[in-house]
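Q: quick check, what structure comes out for this input:
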Amino acid sequence: MSDASLSRKQTLFYLVFLILMWGINWPLSKYALEFTPPILFAGLRTLIGGALLIMIALPRWRQLRLRETWLYYVLSAFLSIVFYYGFQTVGLQYMPAGLFSAIVFLQPVLLGLFAWIWLGERMYPRKMVGLLLGFGGVAAMSIGGLEGGISVIGILLALASALSWALGTVYIKRQAAKVDSLWMTAMQIIIGGIVMTAYGSSVESWSEVRWTSAFVYDTLFISVFVIALGWLVYFKLIGSGEASKVGSFTFLIPVVSIICSILFLNEHLTINLVAGMILIVGSILLVNVRSRQV
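A: Next comes the predicted model:
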C-alpha cells in the first residue's frame, strides 16, 4: 500500500521533524558510544524503536501478510537498518563525526542517481549539479575533521553506509505497492534490531555497557524519535514524492548536527561552516525548484 500524497504543510512539518531529529542523532550517538560498545548500541536502539513500531502497527495486523511479504522485510532490514547503522556506528570509532557524516551524505547524490536508473525519476543537469553542490556543502562544513586524521577503514565504512542507505530507500520505494508502509517500516527495524543485537552479543560484552541515567535517556530518545518516528516519517515522505527531492533535504541534517555541537559541545563557528550552509541551501533550491524546460 503506497502512501497518499501529502499536503505542502504536512510535507514541511515532516521534513522539519526529520531534519531536527536526525541532525540531533549524530552528537547524541557519539556521546552514547562513551558508555557502550558500538554494535550493541546499534542493536539496542533499533530493537527498542522497532518494538514501539510493532505495537503501533498491531491494529493493522491483517495487512502484515508475512507469508507473502517476509522477503521484502528481510531485504529492506539489511539494506536500510543492519548495514546502514552497523557501518555507521562502527565507522564513528575510526573517524571524526563531521568528516564521517560528510561521506555518508554522499547518499542523496547516490539516491538521485539510483532513483533515475531504477525509479524512472527525471534527471537533468541542474538537478545533478544541485546534488553534487549539497555534498560539497557537507564536505566544506566537515573539512576540519581532516585534522583528526584519515582512516581508510573509516572512509570505506562511511561509503558503505551511504550506499546501503541509498539502495534501501530505492528498494522500499519500488516495493511500496506490495506491502503496507507501516508494517514495512516496523518489520525492517525490528529485524535489523534483532540481527544487530544478536551479532553484537556474540562479538561484544554486555558487561561493558555502563547503564548511567544519561545513557538510558540518550538511548530512549534516539530509539523513539530518531529510529521509530524518524524512519516512519522518512518513508512516508519517500512514498509521497520523488525520492531524490526528499533526499536533497537530508543535506540539512549535518547542519543541525553541527549547530548542536556548537551550542552543546563548545565547538566553534568557522568560515567553512558558513560556506557549507550556503552551498546546501543552493543545492536544495536547484533540486527542488521546478524548471520550465523539464
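Q: look up the pLDDT of residue 209 for me, please.
A: Residue 209 carries a pLDDT value of 96.
Q: who touches it in this structure?
A: Neighbouring residues of residue 209 by Cβ atoms under 8 Å, 6 or more residues apart in numbering: 35, 36, 37, 40, 215. Every C-beta, even on glycine, is put in place using the N, C-alpha and C of the backbone.
Q: looking at the residues you listed, state which has the most neighbours.
A: Counting neighbours by other Cβ atoms under 10 Å, the top entry in the contacts of residue 209 is residue 36, with 23 neighbours.
Q: how about it, phi and psi?
A: Dihedral angles of residue 36 (phi, psi; degrees, to the nearest 10) stand at phi -150, psi 150.
Q: for stretch 119-137, buried residues please.
A: Across stretch 119-137, burial judged by 16 or more other Cβ atoms under 10 Å covers 121, 123, 127, 128, 130, 131, 132, 133, 134, 135, 136, 137.
Q: which strand or helix spans the last one?
A: In the assignment (DSSP states H and E), residue 137 maps to helix 125-142.
Q: quick check: longest helix in this protein by residues?
A: Scanning the chain for the helix with the most residues, using DSSP state H, yields helix 8-32.
Q: show me what that one is packed against.
A: On a contact count with 3 or more Cβ pairs under 8 Å, 6 or more residues apart in numbering; DSSP states H and E, helix 8-32 meets helix 97-104, helix 213-221, helix 230-240, helix 243-249, helix 252-264.
Q: between the helix holding residue 137 and helix 252-264, how many degrees?
A: 20 degrees (axes from the mean of the first three to the mean of the last three Cα atoms, to 10 degrees).
Q: what residues does helix 125-142 touch?
A: Outside helix 125-142, the residues that touch it by Cβ under 8 Å, 6+ apart are 96, 98-99, 101-102, 105-106, 108-109, 112, 244, 247-248, 251, 254-255, 258, 272-273, 275-280, 282-287, 291.
Q: now, of those residues, which are buried?
A: For the contacts of helix 125-142, buried by 16+ other Cβ under 10 Å: 96, 98-99, 101-102, 105-106, 108-109, 112, 244, 247-248, 251, 254-255, 258, 272-273, 276-277, 279-280, 282-284, 286-287.
Q: which residues of this structure score low on pLDDT?
A: 1-4, 96-99, 141-150, 242-244, 265-269, 287-294 (pLDDT under 70).
Q: what sits closest to residue 157 if chain neighbours are left out?
A: residue 91 (3.3 Å; Cβ to Cβ, 6 or more residues apart in numbering).
Q: tell me the contacts of that neighbour?
A: Residue 91 makes contact with 100, 153, 154, 157, 158, 161, according to Cβ under 8 Å, 6+ apart.
Q: ok, and the closest non-adjacent residue to the fifth one?
A: What it means is residue 158. Distances taken as Cβ to Cβ, 6+ apart place residue 103 nearest to residue 158, at 3.6 Å, with adjacent residues excluded.
Q: so which of the helices and strands packed on helix 8-32 is nearest residue 48?
A: helix 213-221 (7.1 Å; Cβ to Cβ).
Q: by how many degrees do that closest one and helix 8-32 diverge?
A: Using the same axes, to 10 degrees, helix 213-221 lies at 150 degrees relative to helix 8-32.
Q: what packs against helix 213-221?
A: Against helix 213-221 (3+ Cβ pairs under 8 Å, 6+ apart) you get helix 8-32, helix 38-57.
Q: list the contacts of the longest one.
A: Residues lying outside helix 8-32 but in contact with it, judged by Cβ under 8 Å, 6+ apart, are 6, 41, 89, 92, 97, 101, 214-215, 218-219, 221-222, 225-226, 229-230, 233-234, 236-237, 240-241, 246, 249-250, 252-257, 259-261, 264-265.
Q: please spell out the PyMOL selection for the buried subset of the residues you listed.
A: The PyMOL selection below is limited to those of the contacts of helix 8-32 classed as buried (16+ other Cβ under 10 Å):
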select buried, resi 6+41+89+92+97+101+215+218+219+221+222+225+226+229+230+233+234+236+237+240+246+249+250+252+253+254+255+256+257+259+260+261
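Q: among the helices and strands packed on helix 8-32, which is nearest residue 191?
A: Between residue 191 and the helices and strands packed on helix 8-32, the tightest spacing by Cβ to Cβ is seen for helix 230-240, at 12.7 Å.
Q: chain center to the closest one, what's the gap?
A: Its chain's average C-alpha position is 11 Å from that of helix 230-240, according to Cα atoms, centre = their mean, to the nearest Å.
Q: thanks a lot, catch you later.
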